[in-house]
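> Below is the sequence, then the predicted model.
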Amino acid sequence: MAILFNCSEPEAITKALSKITNDEALVKDLNEHGIVLGAYAHTLTPIDPNWTLAESEAPQPMRNDLNEPSVYWKDHVEGWIQNHNVKVIGGCCGITPEHIRYIADQLQQTSTSTTSTTASPRSVK
């Protein structure tokens, strides 16, 4: 079983993971039940709190700062794994097969470390 954070800004996912992993009792309970954490961020720009579908005239734009897979890895994924013990990594809107491939390559290069997280390019829709 897993708790997965999906289709959210990577910063929001990091915040949610921090809330969980800073709660020792919760972490203990999750571990006892074999529940792992996962993250599937998107690259959409933040949504204005006053946004409504009825007034929307265009799709939500994508962020440009996460276009490079190495940036997604370094600024977000690596920290999720190292700081929050995330075991399932992927991506949603705007995360490409190249992003997933880069993550898989990084994990392969660090396979001698203590992390057991895996990634597969087949995970991308």
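On my side now, so go ahead.

> Where do the strands of this protein begin and end?
With strands called from DSSP state E, the chain shows them at 2-8, 36-41, 88-91.

> Of the ones you listed, which is nearest residue 66?
Between residue 66 and the strands of the chain, the tightest spacing by CB to CB is seen for strand 36-41, at 8.1 Å. No exception for glycine: its C-beta is placed from N, CA and C like everyone else's.

> re the thing from before, any chance of CSV for the strands of the chain, columns distance to residue 30?
Formatted as CSV, the strands of the chain follow (distance: least, CB to CB, whole Å):
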stretch, distance to residue 30
strand 2-8, 8
strand 36-41, 8
strand 88-91, 13
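
> Just put those in JSON lines and tack on mean pLDDT.
Output for the strands of the chain, formatted as JSON lines (pLDDT from 0 to 100):
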{"stretch": "strand 2-8", "mean pLDDT": "96"}
{"stretch": "strand 36-41", "mean pLDDT": "97"}
{"stretch": "strand 88-91", "mean pLDDT": "94"}
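
> With residue 48 as the reference, name the closest of those.
For these, the distance to residue 48 is smallest for strand 2-8, at 15.8 Å, taking CB to CB.
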